[in-house]
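> Here's a sequence, model it:
(one chain, ligands or ions: 1)
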Amino acid sequence: MQLTSYWQATAPRFDGAQDAVSGHYDVAIIGGGFTGLSAARHLAKSGSKVVVLEAQDVGHGASCRNGGHLNNGMAHGYGEAMARFGSDGARQLYHAYDASIDLIAQVIEEENLDCNFQRSGKLKLASKPGHVAGLKASCDLIRTEADKDVVFLDRAELADEIQSTDAYAGMLYPKSAMMHMGRYMHGLATAVVGHGGDIVENAPVTSMQRADGNWLLTSPLGALSAKNVIVATGAYSGKFSPKLLRHFVRRIIPVGSYIIATRPLTDAEIAATVPGNRTYVTSLNVGHYFRLSPDNRLIFGGRARFSSKSDFKNDAASAKILRKGLMEMFPALSDVEVDYCFGGLVDMTQDRLPRAGQVDGMYYAMGYSGHGAQMSNQMGVVLADMIMGNDDNPLAGMSWPAIPMYTGRPWFLPFVGAYYRFKDIIS
Ligand SMILES: Cc1cc2nc3c(=O)[nH]c(=O)nc-3n(C[C@H](O)[C@H](O)[C@H](O)COP(=O)(O)OP(=O)(O)OC[C@H]3O[C@@H](n4cnc5c(N)ncnc54)[C@H](O)[C@@H]3O)c2cc1C
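Predicted structure coming up:
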């Protein structure tokens with residue numbers, strides 16, 4: 001078993017980064033994940049002089065360490081969103097996720113990217129008999145309020161979609177999609193450079209200050225000035241220079257999430273597990289998400305343990321927990337070999353809603369809370385447009401207070417995990 005991201009291991013390595021940086025830019029972007037690179041592409045295409053400073057290599061954060069789902073619909077309950085934002089606000093937020101998948105499809109077409117994008121649809125599964133009524137009510141509400149395309153499937157109708165004793169009903173979101181995250185990342189970074197943007201890898205920004213209306217940024221690979229700064233550091237905001245990005249560190253909870261990839265499944269194994277070839281998520285609080293890879297591996301993820309660490313030791317321990325979860329969900333795969341295991345940090349906010357805007361003169365977007373492979377691309381474009389004078393931020397006006405008694409070390413995660421596991425047991 002390789003303890004490395006399947007997406008990175010099976011994609012070409014981006015080789016367009018420069019090894020030093022200096023001079024003046026219109027926009028400096030901190031973080032080379034989807035948020036940062038999407039903003040960079042949009043700005044560079046529009047003629048801005050832009051640089052992305054990435055502490056590791058592009059995509060080494062969550063953007064190439066995720067489940068590979070591009071799901072529409074919110075991670076949040078639709079009823080909760082209505083209670084908080086009203087009918088129009090909830091609908092606008094819901095459709096922002098649709099727009100983010102459309103944007104990715106458009107980028108793929110414009111840049112001619114080969115990244116196995118397909119409108120697979122997402123199936124949200126009721127994992128217990130007691131979850132079926134809630135799923136049906138949620139489906140009815142979304143159909144009435146926002147999306148006539150979502151469909152409820154009862155257990156008999158699930159047979160062509162999934163073969164598991166742990167799936168009692170499903171809600172199908174046909175607009176959802178999947179893609180190879182590593183190939184898309186490679187294509188996106190290559191497009192940034194192709195449009196005239198600069199990317200610098202292994203360049204953690206270690207200091208940042210304002211002088212004469214500009215920002216001065218330093219990294220081990222050089223210093224530069226920039227008229228505008230975008231912070232696109234997600235769950236990794238505290239990893240390289242916690243004091244520098246303290247505003248975000250106090251608001252983002254980095255939570256480890258882990259994934260295993262099996263060996264390629266045979267046609268018979270696919271027929272006995274996920275014949276529908278969709279993205280799948282379960283209804284448990286501490287549940288699983290899975291899909292087939294382009295080479296027919298089952299990419300199976302979950303919050304194996306409540307930790308803010310994502311390192312080899314944690315990944316290996318998590319592989320065992322996830323393998324057990326996979327066997328429970330799909331007994332037909334009880335002997336299947338696991339070829340890859342990897343983990344990443346999810347940028348959770350306290351209310352699991354993303355945030356984007358401007359603070360202390362910096363533009364930022366983060367907090368996608370495990371549902372950001374699509375929205376990060378969209379919010380990168382939104383930030384770029386804000387800088388270019390066109391403010392159309394779907395997340396505008398959402399307050400974002402610091403988490404009380406929290407300075408970036410989520411000591412409370414094991415307790416939160418225990419609480420949600422207990423809720424799953426009694427639900
Ligand atoms: C295991 C896992 C599974 C997931 N599954 C899904 C899924 O299936 N579908 C979905 O929609 N979402 C999923 N997500 C969430 C999704 O991947 C993220 O929301 C999205 O990729 C965030 O992109 P980003 O560009 O904002 O952040 P990231 O991709 O995390 O990029 C932030 C970058 O900032 C860099 N950085 C940090 N500090 C500095 C600094 N000081 N200087 C320079 N660079 C810095 C980091 O090195 C990092 O590369 C998952 C996340 C994880 C971890």
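> got a list of what the closest residue to residue 209 other than its chain neighbours touches?
Computed as C-beta to C-beta, 6 or more residues apart in numbering, the closest residue to residue 209 that is not its neighbour in sequence is residue 216, at 5.4 Å. (Glycine included, C-beta is placed from N, CA and C.) By C-beta atoms under 8 Å, 6 or more residues apart in numbering, residue 216 lies in contact with 207-210, 223-225.
> ok, the residue of the stretch 301-427 of the chain found nearest the ligand to residue 83 distance?
The stretch 301-427 of the chain approaches the ligand most closely through residue 372 (2.2 Å), counting by C-beta to the nearest ligand atom. When distance is defined by C-beta to C-beta, to the nearest Å, residue 372 is 23 Å away from residue 83.
> Ok, residue 177 next?
The separation that residue 177 has from residue 83, given C-beta to C-beta, amounts to 29 Å.
> ok, these two, which is more surrounded?
residue 177 (25 against 10; other C-beta atoms under 10 Å).
> Please report phi then psi for that one.
phi -140, psi 180 (degrees, to the nearest 10).
> for the residue nearest to it when sequence neighbours are not counted, what are its contacts?
Among residues not flanking residue 177 along the chain, residue 70 sits closest, at 4.2 Å (C-beta to C-beta, 6+ apart). Listed by C-beta under 8 Å, 6+ apart, the contact partners of residue 70 are 100-101, 104, 117, 176-179, 279, 373-374.
> Mark which of these are part of strands, please.
Those of the contacts of residue 70 mapping onto strands are 177-178, 279, per DSSP state E.
> what about the biggest helix by length in the chain, average pLDDT?
When the chain is scanned for its longest helix (criterion: DSSP state H), the result is helix 78-111. The pLDDT scores in helix 78-111 average 96.
> what's that helix packed up against?
strand 69-70, helix 132-145, strand 177-178, helix 181-194, helix 375-387 (3 or more C-beta pairs under 8 Å, 6 or more residues apart in numbering; DSSP states H and E).
> elements contacting the helix or strand just after it?
Later in the chain than helix 78-111, the nearest helix or strand by DSSP states H and E is strand 122-126. Counting contacts by 3+ C-beta pairs under 8 Å, 6+ apart, strand 122-126 is packed against helix 132-145, strand 169-173, strand 279-282.
> Correct me if wrong: the residue of the stretch 301-427 of the chain closest to the ligand contacts residue 61.
No. Checked against C-beta atoms under 8 Å, the pair residue 372 and residue 61 is beyond contact range at 10.7 Å.
> Any chance you could list residues touching both of the two?
Common neighbours of residue 372 and residue 61 (C-beta under 8 Å, 6+ apart) are residue 234.
> before we move on, the earlier item: which residues does the residue of the stretch 301-427 of the chain closest to the ligand contact?
34, 62, 234, 347, 354.
> For it, give its distance to residue 354.
For residue 372 relative to residue 354 (C-beta to C-beta), the value is 7 Å.
> what is the closest residue to residue 259 other than its chain neighbours paired to in the beta sheet?
Distance criterion C-beta to C-beta, 6+ apart; nearest residue to residue 259, sequence neighbours excluded, is residue 301 at 3.9 Å. Note on residue 301: beta-bridge partners residue 259, residue 289, judged by DSSP bridges.
> Pull the number of nearby residues for residue 124.
Close neighbours of residue 124, defined as other C-beta under 10 Å, add up to 26.
> I'd say residue 220 and residue 200 touch.
No. If you go by C-beta under 8 Å, residue 220 and residue 200 don't touch, sitting 9.9 Å apart.
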